[in-house]
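[1] okay, sequence plus prediction incoming.
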Amino acid sequence: MKMQLLLSKVSSHINIAGDIEFTEEFPYTNDLVKLGIIKHVGHGKYVLNLFCFIRHLLRELGIKNPELHKHQGVFYHIENITSTSSMGFYFVNPAYSSKSDIGFFLEFLQGAINEHIRAVYAHVPFVFMSEKLRNILEKHDKAVRVLSKLYLDNLSILSFPIVLPYPEIVKIPSRKRKLNLFTKLKKSIIEVKGILKREQKDFADEYMLALEYRKRFWSKFIVSFAQLDDILKRYALVRMRKKWKGPSKWFEEIMKLFLIDVFVRNKFNREVEEFLVNYKTGGRKADILIPIKKSDKEAILWVIDTKHWEKDYCKSVGKGRENVKKYIAYIDRNSKKSWLLWKLVKLLEATGIRKVRFQLVFIQRKGESCTLSISEFKKYYEKVIVLSLRDLSDILRQ
């Protein structure tokens with residue numbers, strides 16, 4: 001924790017001032033000099049050793065042997081996960097901290113990322129810059145569009161455009177708590193790594209690439225949601241924010257489209273498909289409804305609740321955080337919350353389905369899955385399942 005405190009002090013100075021110079025009034029200067037993070041240049045002044053500082057940051061984020069490279073104004077480390085997938089940690093020189101530097105930053109970042117992604121199937125970039133430059137970037141519509149295009153147009157980049165400040169421990173007065181970016185990012189990195197380990201496929205030719213296009217497209221979103229809610233909420237430069245403010249809503253909507261594409265499209269008629277596409281997620285009912293065709297006369301209906309939580313829902317359910325009775329109301333014919341579900345059942349019956357079995361499914365961010373045994377649900381649901389993003393990645397590859 002002492003190391004995090006020292007690094008946080010330096011990051012805070014970089015984020016606020018966009019500066020790499022320090023005076024003797026700066027706290028912990030002796031400790032920082034001993035670590036080689038800053039060096040004394042005389043007259044009570046110190047300057048940041050950026051290479052050394054970034055190496056220490058990466059170790060605190062769980063990268064054991066960081067190997068730094070430089071592409072003009074961007075320092076970066078590439079962490080290879082498999083022979084065809086990797087994560088990149090890109091640090092913009094804090095000297096770039098004004099509006100006039102935005103163009104240089106975009107050019108340098110694109111160059112650094114493009115230098116690497118030619119050789120891999122899947123790459124997740126973590127981009128860091130001073131909070132000062134990040135705030136300028138966020139208000140620069142043209143720059144955000146350029147950055148979004150780089151991320152979203154390139155199928156090898158499995159991430160939303162996320163631009164992070166240099167990691168620090170941030171106070172959040174409105175919530176009376178601290179946001180420890182070291183801890184949050186480390187959890188996100190572990191989850192991203194777990195999914196990337198499954199992305200080992202390479203393509204022998206253009207035909208195989210075309211065949212796998214859809215899987216690569218959805219992988220981009222699955223990996224993006226491995227990031228914690230706190231990080232997406234504050235640092236994702238996505239235009240979905242104009243329509244839906246919170247990442248949990250993005251998660252609901254994207255998961256709905258993903259599951260429709262996997263389980264519904266071309267398997268049921270147009271009326272069923274349109275009903276599901278137009279189904280509004282969230283509210284006082286099931287977040288998502290997804291029928292899975294087992295035969296011409298039988299289907300399973302997933303009654304889905306999404307949990308873009310930091311904690312593992314397998315260990316949280318039934319511990320007072322939620323009332324399990326609401327999940328019964330989703331399917332109980334006597335509840336107003338269930339009318340859309342039974343409307344869907346009628347649409348399925350119109351296609352020839354004679355038997356519908358109900359399963360309660362929780363989709364969570366965290367990489368754990370389980371089957372729950374809850375006595376209250378046995379009368380209503382055949383099975384209660386918790387699926388993780390890793391499970392969705394596996395489903396996509398099947």
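    Noted; the coordinates are in hand. Residues are numbered from 1 along each chain as shown.
[2] how about the nearest residue to Leu58, chain neighbours excluded?
    Excluding the flanking residues, the one nearest Leu58 by Cβ to Cβ, 6 or more residues apart in numbering is Pro66, at 3.9 Å. Glycine gets a C-beta too; all of them are placed from N, C-alpha and C.
[3] so which helix or strand takes in the closest residue to Ser86 other than its chain neighbours?
    Nearest residue to Ser86 in three dimensions, chain neighbours excluded: Asn80, at 4.8 Å (Cβ to Cβ, 6+ apart). Per DSSP states H and E: Asn80 is located in strand 74-82.
[4] contacts for that strand next, please.
    Identification of contacts with strand 74-82 by Cβ atoms under 8 Å, 6 or more residues apart in numbering yields 50-51, 54, 58, 63, 66-70, 86-93, 108-109, 111-112, 116, 193, 196-197, 199-200.
[5] now go through those residues and say which are in strands.
    For those, the ones inside strands are His69, Lys70, Ser86, Met87, Gly88, Phe89, Tyr90, Phe91, Val92, with DSSP state E as the criterion.
[6] where's the residue lying closest to the fifth one once chain neighbours are set aside relative to Leu106, distance?
    Spatial nearest neighbour of Gly88, excluding adjacent residues (Cβ to Cβ, 6+ apart): Pro125 at 4.6 Å. Computed with Cβ to Cβ, to the nearest Å, the distance linking Pro125 and Leu106 is 13 Å.
[7] more neighbours: which of the two?
    Pro125 (24 against 17; other Cβ atoms under 10 Å).
[8] quick check: the more buried one vs Phe221, distance?
    Distance of Pro125 to Phe221, computed by Cβ to Cβ: 16 Å.
[9] residues of stretch 10-26 that come out buried?
    Val10, Ser11, Ser12, His13, Ile14, Asn15, Gly18, Ile20, Phe22 (16 or more other Cβ atoms under 10 Å).
[10] from those residues, which is closest to Thr281?
    Ranked by distance to Thr281 (Cβ to Cβ), these are led by Asn15 at 35.0 Å.
[11] ok, that closest one - contacts?
    Per Cβ under 8 Å, 6+ apart, neighbours of Asn15: Ser130, Glu131, Lys132, Pro165, Tyr166, Glu168.
[12] what does the helix or strand Leu348 falls within rub up against?
    Assigned by DSSP H and E, Leu348 belongs to helix 339-350. Here helix 339-350 makes contact (Cβ under 8 Å, 6+ apart) with 268-269, 271-272, 275-276, 279, 285-286, 289, 291, 299, 301, 303, 330-331, 333, 356.
[13] inside helices: which ones of those residues?
    Among the contacts of helix 339-350, DSSP state H puts Glu271, Val272, Phe275, Leu276 in helices.
[14] if we ignore the residues flanking it in sequence, what's nearest the first one?
    Leaving aside its chain neighbours, Glu271 sits nearest to Leu347 (5.6 Å; criterion: Cβ to Cβ, 6+ apart).
[15] again, but for the last one
    Among residues not flanking Leu276 along the chain, Ile260 sits closest, at 5.4 Å (Cβ to Cβ, 6+ apart).
[16] domains in this structure, as residue ranges please.
    By the record's domain assignment, the chain is partitioned as 63-243, 249-397 (automatic domain parsing).
[17] could you dump these to a markdown table with distance to Gln4 and mean pLDDT?
    Shown next, in a markdown table, are these (distance: least, Cβ to Cβ, whole Å; pLDDT from 0 to 100):
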| stretch | distance to Gln4 | mean pLDDT |
| --- | --- | --- |
| domain 63-243 | 5 | 87 |
| domain 249-397 | 18 | 92 |
